[in-house]
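Asks: Quick one, what's the 3D model for this:
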Amino acid sequence: IINIKENTSDIENLNGPENFTNNVDNVQALSTNSSFEGQILNNHLIQIKELIEAMPVMVWTAAADGKVTYCNHGWAEFTGVQFNNNWNWQDYIYPADLERTKAAYIHSITTGEVYEIEYRWVRFDGQVRWMLGRANPIKDKSGNITSWIGITTDIHEQKCIIEALYAAQKQLKESEENYRFLAESMPQLVWIVDEAGNSIYSNNKWVEYTGQFYEQYKNWGWADMLHPDDRETTFNLWNHCLKTGETFNIEYRLKQVNGNYKWFLVKALPFRNEKGKIVKWVGTSTDIHETKLTEQKIKQKADEFITLAETLPQMVWTAAPDGRDLFHNKRWYEYTGLEDEEALNYKWKEIIHPDDLENCITLYQKSLTTGKNYQIEYRIRRYDGQFRWFLGRALPLKNDQGHIILWVGTLTDIHDQKNHREELERKNLELHQINSDLDNFIYTASHDLKAPISNIEGLLDALITHQCYEDAEVKMMINMIQDSVKRFQR
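Replies: I've put the predicted structure just below:
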């Protein structure tokens, strides 16, 4: 749903505890044929929301074109401003970092590469803090990017510590004792390796976590603590950084003394002598296990949500609060024959029947403006050029503050029902016309026969009054004529 996996913005702020039930009912109503799948869908939405709300970081989503469509409550706590459609994240970037941030973001949006940057943000109280911004593209089954999901983590303390260590080594030439004291006072795992990558020092936090002492972690012994699935990637990147002098930045799992593994964000900077030659590396490993697990659960729930959306018999679509398309399920593409790029650039207007387009746009804009449910019957062109009638419905999903964060819609084929209903209406109209014609005929006939019947009645009365008929058969015939006249008069 959300751009769901395709737009997890849509997922986070689905609803607060006080009004989420209403939106669950709305989502269920989208599938007239599959209430069971709708309930499962709602459960996933609730779980995703709880996961995102529990994250100790700032979560955001953006459309395929890079426009931010959602920010979680963490953004408001940091910036002091609630997210809305007029909100511009660039206003909170430290001016000195703005241009390179924009360049990196545009590059990722253009190429589809993972967005990652360290930059400074200005907090609501004016304090400037270092942040790690990361965003991954969300792709549909065809491999096309439909949205982005990002996490911005406060790394100010870690950054300051690393820079302090670096400055202490490079500029102040602090004594080994002072340096060790600083390293041992840090909450992170701190380590130093020589220019070849051989470990020469780790603080006590490393020993407490891994159970490795110097004899075990020296040289490349620290690598024994890496998760087997992370070793190849880590070694390749680490060797690359040792050769090039680039900053080492990676996430991997380290084994605890109890044998369990936890995720860490690892960063190391080269320390150079006066001639610019690298003589050692100073690194830190920060525990991000809970954040990583939450991120993985969100992705899993998003995948499950998309799978459920693809099983619905209707065509399913989602849109941002301003109406921009974010996602269409496979049935939509199969019916329309449109490609992803066409579908997400308002090309859907071209497949609406010309006689229905104006009313469609008017009702859609009204719903976007008022936040009321959208419902319409209109004709949509199939890939072969045939138009079929559909019932289009869309419901808004809202956050705790009542702001719309996503529109979820379905299209149900009602072509056959529509034709049957129109045929029945036509038959009813014909029957009403026949009844009307019959009533007119009866009225006319009654009016035209009224005068002759009155004359016959008068003649019969005169015959009976002035003539005496003894013949029983004649009397019987006169009585029959009188009865007939009375029936005509009725």
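
Asks: Quick one: mean pLDDT for stretch 124-131?
Replies: For stretch 124-131, the mean pLDDT works out to 94.

Asks: Pull out the buried positions in that stretch.
Replies: R129, W130, M131 (16 or more other CB atoms under 10 Å). Where C-beta positions appear, they are placed from N, C-alpha and C, glycine not excepted.

Asks: In TSV, list these along with distance to P354 and secondary structure.
Replies: Below are the buried residues of stretch 124-131 laid out as TSV (distance: CB to CB, whole Å; DSSP: H, G, I helix; E, B strand; the rest coil):
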residue	distance to P354	secondary structure
R129	55	strand
W130	55	strand
M131	50	strand
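
Asks: so can I have TSV of those residues showing distance to L338?
Replies: What follows is the buried residues of stretch 124-131, written out as TSV (distance: CB to CB, whole Å):
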residue	distance to L338
R129	44
W130	44
M131	39
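
Asks: Which one of those is nearest to Y119?
Replies: When the buried residues of stretch 124-131 are compared for distance to Y119 (CB to CB), M131 wins out at 6.2 Å.

Asks: Could you pull up the residues touching the closest one?
Replies: The neighbours of M131, taking CB atoms under 8 Å, 6 or more residues apart in numbering as the test, are E118, Y119, R120, W121, T152, T153, D154, I155, H156.

Asks: Out of these, which sit inside helices?
Replies: H156 (DSSP state H).

Asks: May I see the ChimeraX selection of the buried members of the contacts of M131?
Replies: In ChimeraX, this line selects whichever of the contacts of M131 come out buried by 16+ other CB under 10 Å:
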select :119,120,121,152,153,154,155,156
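
Asks: Now for the contacts of M131: which two are most distant?
Replies: Most distant of those, by CB to CB, are R120 and T153, 13.4 Å apart.

Asks: Show me the helices in the stretch 101-250 of the chain, by range?
Replies: 156-167, 176-184, 204-210, 214-217, 231-244 (DSSP state H, counting those that start in this stretch).

Asks: what's the closest of the ones you listed to E274?
Replies: Here helix 156-167 is closest among these (CB to CB), at 14.9 Å.

Asks: Where does pLDDT dip in the stretch 301-450 of the chain?
Replies: 342-346, 423-424, 427-428, 430-431, 434-435, 437-450 (pLDDT under 70).

Asks: switch to 50 and redo it
Replies: For the stretch 301-450 of the chain, no stretch has pLDDT under 50.

Asks: close enough to count as contact, W60 and T153?
Replies: No - with contact defined as CB atoms under 8 Å, W60 does not count as touching T153 (12.0 Å).

Asks: can I get the CA coordinates of stretch 332-344 in PDB?
Replies: Listed next in PDB are the C-alpha coordinates belonging to stretch 332-344 (Å, rounded to 0.1, in the frame of the first residue of the first chain):
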ATOM      1  CA  TRP A 332      -3.400  -3.100 -13.700                       C
ATOM      2  CA  TYR A 333      -0.500  -3.400 -16.100                       C
ATOM      3  CA  GLU A 334      -1.900  -6.500 -17.700                       C
ATOM      4  CA  TYR A 335      -5.200  -4.800 -18.400                       C
ATOM      5  CA  THR A 336      -4.000  -1.400 -19.500                       C
ATOM      6  CA  GLY A 337      -0.800  -2.500 -21.400                       C
ATOM      7  CA  LEU A 338       1.000   0.600 -20.000                       C
ATOM      8  CA  GLU A 339       4.600   0.500 -18.800                       C
ATOM      9  CA  ASP A 340       5.800   1.600 -15.300                       C
ATOM     10  CA  GLU A 341       7.000   5.000 -16.500                       C
ATOM     11  CA  GLU A 342       3.800   5.800 -18.300                       C
ATOM     12  CA  ALA A 343       1.700   4.700 -15.300                       C
ATOM     13  CA  LEU A 344       3.600   6.900 -12.900                       C
END
